[in-house]
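Chemist: Sequence first, predicted coordinates after that:
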Amino acid sequence: MKKFILPIIVLLVLAILAIYLSSKPVKTTDEVDNNFFRVDTSKVASIEIIEKDKSITLKRDNGEWNISSPINYSADKNGVKSALDKLASIRVDNVISNNVAKQKKFEVEDSTGILLKITTNDGKNSEFYIGKSSEDYGRSYYRMKNSNDIYVGNNTSKYVFSKDVNKWRNKIIIENNKDDITGFSIEKAGQTYLFAKDSTEWNIDVAGKTTKADKPKVDKVLNYFAKFNCKDFNDSLDAETISPDILVKLNNTQLMLKKESDSKFWAVVAGNKQVYEISKANYDAFDSEFSAK
């Protein structure tokens, strides 16, 4: 009789355990998401990005994004949009650990991770870490600032946020509607070249002599007029000390270009104190021989 009692007891214990587990609340993916981070990006007022000893703050002012720290400068629209899109797409599946010792392994602490401080228009703040990506780059790890829970979720490469401040700056030097441009001038080597559009063709006037312009070369210049992005910024140079090799005039805009060396080229817009670094290809486009062969 005794040999039947033990199996019966085991079966009874297993049945009770099964009933208990089936009645215990389980966190669903949606519940985990809601307890982590969700944001309407149209209501984000600022993003502070802290990586080790570096901090950068982006703020929205009257609909426009600017860098407010460590410098004051207009922000790169595409870079901010990419960051907001990443924030909106964050989804986590579950907590994989709450062991403090594992925070460094998953790069969700101060020395290895990126801490984001998000403030919305109503003054609410969210602070969380974006950690490393999984080995197959399909997942990322996250942790709220004041929690030990480490989450795994969809991949949000922290390198979207891990940038030098200059990478967040608006790199546009000048911007125009290309189709509206009917004339401009380039002054270089003591000579002035006047460009004028006649129907669909471009002509050049040099000292009263008019010739047809090389269309591909003019088109390249027009593309720069439409949107001329710099390569980098030089904040140590005084714009007023730049003596241009090339002076470009387009309507009320004066663009000054300077060759510093074979590898350094500067651009300055009259009335703007910023000195931009441009590429050799940028400089050469304005230093071309524009007459048609």
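Modeler: Ah, there it is. Numbering: from 1, shown residues only.
Chemist: Please count neighbours and contacts with C-alpha atoms only from this point.
Modeler: Will do.
Chemist: neighbours around residue 152, how many?
Modeler: When neighbours are defined as other CA atoms under 10 Å, residue 152 has 22 of them.
Chemist: Okay, and it sits in which element?
Modeler: If you go by DSSP states H and E, residue 152 is part of strand 150-154.
Chemist: Any chance you could list what contacts that strand?
Modeler: Contact with strand 150-154 is made by 90-98, 103, 108, 138-144, as judged by CA atoms under 8 Å, 6 or more residues apart in numbering.
Chemist: Of these, keep whichever come out buried.
Modeler: By neighbour count, with 16 or more other CA atoms under 10 Å, those hold 90-95, 103, 108, 139-144 as buried.
Chemist: and which of these is nearest to residue 40?
Modeler: Of all these, residue 40 sits closest to residue 90, with 11.8 Å by CA to CA.
Chemist: hang on, the closest one packs against residue 156?
Modeler: Yes - at 7.0 Å, residue 90 and residue 156 qualify as touching, with contact defined as CA atoms under 8 Å.
Chemist: Quick check: mean pLDDT of the strand or helix carrying residue 277?
Modeler: Counting by DSSP H and E, the element that carries residue 277 is strand 275-278. Throughout strand 275-278, pLDDT has a mean value of 98.
Chemist: Relative to the whole chain's centre, how far out is that strand?
Modeler: Distance of strand 275-278 from the chain centroid (CA atoms, centre = their mean, to the nearest Å) equals 19 Å.
Chemist: That strand pairs with which strands, parallel or anti?
Modeler: strand 232-234 (antiparallel), strand 265-269 (antiparallel) (DSSP bridges).
Chemist: Most tightly packed of the ones you listed?
Modeler: Of all the strands paired with strand 275-278, strand 265-269 carries the top mean neighbour count, a mean of 23, counting by mean count of other CA atoms under 10 Å.
Chemist: first to last residue in stretch 178-195, what's the distance?
Modeler: 14 Å (CA to CA, to the nearest Å).
Chemist: which residues sit against that stretch?
Modeler: By CA under 8 Å, 6+ apart, the residues outside stretch 178-195 that reach it are 196-197, 202-207, 222-223, 225-226, 245-251, 286-287.
Chemist: try 7 Å this time
Modeler: By CA atoms under 7 Å, 6 or more residues apart in numbering, the surrounding residues in contact with stretch 178-195 are 196-197, 202-206, 222, 225-226, 245-250.
Chemist: Equivalent analysis for stretch 275-283, please.
Modeler: Under CA under 7 Å, 6+ apart, the answer for stretch 275-283 is 230-235, 237, 239, 265-268.
Chemist: 8 Å instead?
Modeler: Stretch 275-283 is contacted from outside by 173, 229-235, 237-239, 257, 259, 262-268, using CA under 8 Å, 6+ apart.
Chemist: cool, stretch 212-228 as well?
Modeler: 172-178, 181, 201-204, 285-286, 288, 290-293.
Chemist: what is the rounded mean pLDDT of the strand holding residue 152?
Modeler: Mean pLDDT, strand 150-154: 93.
Chemist: Paired strands for it, with orientation please.
Modeler: When pairing is defined by DSSP bridges, strand 150-154 lines up against strand 92-97 (antiparallel), strand 139-144 (antiparallel).
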